[in-house]
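Q: got a predicted structure plus its sequence, pasted below:
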Amino acid sequence: MNAINKLRVLVLLWIVVPTLAIANTEIHLDKFPVTLEKDNASLQRGAKLFTDKCLACHSATYMRYSRLHDIGMNDAQVKKEIAVPEDGQIYSKMQSAMDANSAKLAYGVVPPDLSVIARARGADWLYTYLRTFYVDASRASGWNNTTFPNVGMPFVMSDLQGEQVLEVEKHEGHEVKKLVMKTPGSMTPAQYDSAMVDLTNYLVFMGDPGEKNRHQYGYIVLGFLLLLLALVYALKQEIWKDIK
């Protein structure tokens, strides 16, 4: 094999091997039903679930409680249904109830800010992640996750979903992992999946809360430009009619 052929083989291996490694570690993600993104009722349920379950440890510092107006909630509803801190105002940022030092001591890492987590991870990833926790006695938190292995986060929604265990079966020399419900929670599997749709829906909204208004303004601007085009064209016709 001459030097050129050796170089070709090395380049091919350099391209193919990492690709195979990624393919082998690829995680199956369930499809998030994106048709619900503009559903205000779903967004409101998701906001309540987020503030009840997530905001204790995670902040959303790029989000203010007042932005919930965009999903159809007024000030009275926000204060009544959403956990606004007693010393907070409707225009306060969504700050975690736990400070960073305490969180690091408890979990080993500071829980990430969730303001734009949907833009970083994607809706499919979040929807799958929230439904794939399982009991793992080897972990300090007692929990693990098939979508995010060795995650430091304890499963705060176990009271809703219940406790799943990971079972590994061998089929034709391949290991097949599946989650099996060990102890049911307060929700049925269908109800819990629906709740995670709402929560993921809200996280998607939180990553770009101005999307709905921006689209509305976009249609208004396009309509204005079309009207302006018609007026300019009519003006041009009027100016040039005597010149032709």
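A: Nice, I can see it.
Q: now the element after the worst-scoring helix or strand of the chain on mean pLDDT, going C-ward?
A: Within the chain, judged by mean pLDDT, DSSP states H and E, the helix or strand with the poorest mean is helix 3-24; its value is a mean of 42. As assigned by DSSP states H and E, the chain's next helix or strand after helix 3-24 is helix 40-49.
Q: who's in contact with the helix or strand that comes right after that following helix?
A: Downstream of helix 40-49, the next assigned helix or strand under DSSP H and E is strand 60-64. Taking Cβ atoms under 8 Å, 6 or more residues apart in numbering as the criterion, the residues outside strand 60-64 that touch it are 50, 90-95, 113-116, 206, 209. In short, each C-beta sits where N, CA and C put it, glycine included.
Q: distance from the chain centre to stretch 139-149, please.
A: When distances are taken as Cα atoms, centre = their mean, to the nearest Å, stretch 139-149 is centred 19 Å away from the chain's centroid.
Q: how about stretch 150-169?
A: Taking Cα atoms, centre = their mean, one finds stretch 150-169 lying 18 Å from the centre of the chain it belongs to.
Q: what about the longest helix seen in the chain, average pLDDT?
A: With residue count as the measure and DSSP state H as the assignment, the chain has helix 211-240 as its longest helix. On average, the pLDDT along helix 211-240 is 88.
Q: buried sites along it?
A: By neighbour count with 16 or more other Cβ atoms under 10 Å, helix 211-240 contains the buried residues K212.
Q: and V176, how many neighbours?
A: Counted with other Cβ atoms under 10 Å, residues neighbouring V176 total 10.
Q: what about it, which SS state?
A: The three-state assignment at V176 reads strand, by DSSP: H, G, I helix; E, B strand; the rest coil.
Q: I'd say it and T146 touch.
A: No. Contact between V176 and T146 fails when scored by Cβ atoms under 8 Å: they sit 12.0 Å apart.
Q: helix or strand: which one has the residue minimising distance to the centre of the chain?
A: Within the chain, one residue has its C-alpha closest to the average C-alpha position: by Cα atoms, centre = their mean, that is A118, at 3.1 Å. According to DSSP H and E, A118 maps onto helix 117-121.
Q: same for that helix, what does it pack against?
A: For helix 117-121, the contact count by 3 or more Cβ pairs under 8 Å, 6 or more residues apart in numbering; DSSP states H and E identifies helix 123-129, helix 189-207 as packing neighbours.
Q: flag every buried residue along that helix.
A: Within helix 117-121, the residues that qualify as buried are 117-118, 121, counting by 16+ other Cβ under 10 Å.
Q: where's the residue lying closest to K178 once chain neighbours are set aside relative to T146, distance?
A: For K178, the nearest residue in space outside its immediate sequence neighbours is E167; the separation is 5.6 Å by Cβ to Cβ, 6 or more residues apart in numbering. Counting by Cβ to Cβ, to the nearest Å, the separation of E167 from T146 is 11 Å.
Q: more crowded one of those two?
A: With other Cβ under 10 Å as the criterion, E167 and T146 differ in neighbour count, and T146 comes out ahead with 19 against 11.
Q: the more buried one reaches D136, doesn't it?
A: No. Taking Cβ under 8 Å as the definition, T146 is not a contact partner of D136, at 10.4 Å.
Q: and for these two, which residues touch both?
A: When contacts are counted by Cβ under 8 Å, 6+ apart, the set common to T146 and D136 consists of L166.
Q: before we move on, the earlier item: overlap in contacts of E167 and T146?
A: Residues touching both E167 and T146 comprise 177, 179, with contact defined as Cβ under 8 Å, 6+ apart.
Q: residue ranges in the chain under the pLDDT threshold?
A: For the chain, the stretches with pLDDT under 70 are 1-26, 35-37, 86-88, 244.
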